[in-house]
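Participant: Predicted structure and sequence below. I'll ask about it afterward.
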Amino acid sequence: MKLTAESILKEHPILAEKKLYLAISGGVDSSVLLNLLLQLDLKPHLLHVNFKLRGAEANADEEFVKGLAKENNLQFSTKSFDAYAASEEFRLTIQETARKLRYDWFEEIVEQNSIILTAHHLNDSFETFFINLLRGTGLKGLTGIPESRGNIYRPLLHVSKLAICNYAEEKNVKWREDSSNSIDKYLRNKVRHDIIPRLEELGNGIYEKMDATFTELREADELIKSMADKWLAENVLEQRVKLNIVHSTNDYLLRMAFRKMGIKRSNFSAFKDFLSSRSGSIFQTKTHLFAKTHEALSFKEEEGIEVFSETIENIPCTIEVHNQTMAFKYSDKVEIDLNIQQLDRNTLELPLTLRSPKEGDRITPLGMKGSKLISRIFIDHKLSAFEKEDQLVLADATDSPIAILGLCISEKHKIQKKTNSVLEIKISKL
């Protein structure tokens, strides 16, 4: 298909509906995209970044783009960075650093409800495919460059480099050559100069065929992700899923299901080992914590462990913590309710403390003669690591535990026949 301004607008009608910013280097690709926009009477705001990587040549590129803006009466913004210094600071490659600096600046300068255009084309997508393949990648890495991402659009993504160059020659488009494109120290240039030309020799229409393949791969990737999201919705309740379901799920589907929790190709093998480890084990990603019991897998965002403590000097009172409400009051009625714990009021003395468990905490559970470590009680109740974090104890004036909320009370403070008043603790979820 011949490259024309009309074909670009037909494929991307949003170009005529939004304020446009064009990322322009001065090379043939972005210069052609500018020409196409001008053919459509669209006036983009030009954005140019000078990374100070090519000395006088880079400065000349900046002046060239500035001249294009003046010639066509366009808004023009430019930004200079020391890419080498930033690369050391970010501990990224030059290419990764340039990308980060570029897009961070775009985000700062671009107005809301507008779009940024870049001149990535089909050859770029082809190169990205092979770069990711050589480095090792999952399905998404084989889908090429996305046509859009947020407010960034790539109108030339289905257009070959040859079609762009032919357009530039036909329309006498002015542009500048980037000398670094011929240097093979970058992997992309090695792919461009060594691998792709050999593939071009093997058959005609290779770019069009790969374009169709990219489309199918993207559709497959989206389908699997939607299946994974459906799996989460159907099997996860309150950030908890039964372990037998996890073990019976396809590995790739499982990885996609937990992709937003930091599970990815590089750590999935370790995650699988964790799923087969002993009860009480924890697995940590950059964003989430996973914990397993004999029966279930739990997960939550990594926020650090919250140590809670609140003194109770007056009753009645209500305390909200860990998405629960604890209501304390005195009563002369003994009730049997799973959501209510009662202690003999006559054995208690204020102040009391509602707090997180401490290492070495012990309690004599109802019906027992000797004390028991609270950590052991948690194990007996098969609490996950997260449930242990959220568990609270009620301690007396000497800081000795007299109840584990929702689990047990101390034998020393149990209800007896002579009890005529009780401390009632009612637990409700928020």
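Facilitator: Alright, I've got the coordinates.

Participant: May I have the predicted confidence score for residue 290?
Facilitator: You'll see residue 290 listed with a pLDDT of 92.

Participant: can you give me phi and psi for it?
Facilitator: Backbone torsions for residue 290, taken as degrees, to the nearest 10, come to phi -110, psi 140.

Participant: you'd agree it is up against residue 284?
Facilitator: Yes - look at residue 290 against residue 284 with C-beta atoms under 8 Å: they come within range, at 7.5 Å. For glycine as for every other residue, the C-beta is placed from the backbone atoms N, C-alpha and C.

Participant: From the neighbour counts alone, determine which of these two ranks first.
Facilitator: Taking neighbours as other C-beta atoms under 10 Å, residue 290 and residue 284 compare with residue 290 leading, 24 against 13.

Participant: Can you spell out which helices and strands pack onto the lowest-mean-pLDDT helix or strand in the chain?
Facilitator: Ranked by mean pLDDT, DSSP states H and E, the helix or strand of the chain with the weakest confidence is helix 385-390, at a mean of 80. Under the contact criterion of 3 or more C-beta pairs under 8 Å, 6 or more residues apart in numbering; DSSP states H and E, helix 385-390 touches strand 288-292, strand 296-301, helix 374-380.

Participant: And the second one, what's buried?
Facilitator: By 16 or more other C-beta atoms under 10 Å, the buried positions in strand 296-301 come out as 296-300.

Participant: Name every strand pairing with that strand and say which way it goes.
Facilitator: Within its sheet, strand 296-301 is paired with strand 240-242 (antiparallel), strand 288-292 (antiparallel), according to DSSP bridges.

Participant: Just give the nearest non-adjacent residue to residue 192, would you?
Facilitator: Nearest residue to residue 192 in three dimensions, chain neighbours excluded: residue 127, at 5.8 Å (C-beta to C-beta, 6 or more residues apart in numbering).

Participant: for residue 165, same thing?
Facilitator: Distances taken as C-beta to C-beta, 6+ apart put residue 28 closest to residue 165, at 6.3 Å, once the chain neighbours are dropped.

Participant: Let's see the pLDDT reported for the one you found.
Facilitator: At residue 28, the model reports a pLDDT of 96.

Participant: surely it meets residue 174?
Facilitator: No - counting by C-beta under 8 Å, residue 28 sits too far from residue 174 to count as a contact (9.6 Å).

Participant: For these two, indicate the residue with more neighbours.
Facilitator: Neighbour count, other C-beta under 10 Å: between residue 28 and residue 174, residue 28 has more, with 21 against 14.

Participant: For the more buried one, give me its contacts.
Facilitator: Contacts for residue 28 (C-beta atoms under 8 Å, 6 or more residues apart in numbering) come out as 164-165, 168, 173, 175, 177.

Participant: Near residue 268, how many other residues are there?
Facilitator: 16.

Participant: Contacts only, for it.
Facilitator: Neighbouring residues of residue 268 by C-beta under 8 Å, 6+ apart: 251, 255.

Participant: So for residue 404, what's the nearest residue that isn't a sequence neighbour?
Facilitator: With sequence-adjacent residues excluded and distances taken as C-beta to C-beta, 6+ apart, residue 404 is closest to residue 393, at 5.3 Å.

Participant: Next, the closest residue to residue 290 other than its chain neighbours: secondary structure please.
Facilitator: Nearest non-adjacent residue to residue 290, counting by C-beta to C-beta, 6+ apart: residue 283, 4.2 Å away. Three-state assignment for residue 283 (DSSP: H, G, I helix; E, B strand; the rest coil): strand.
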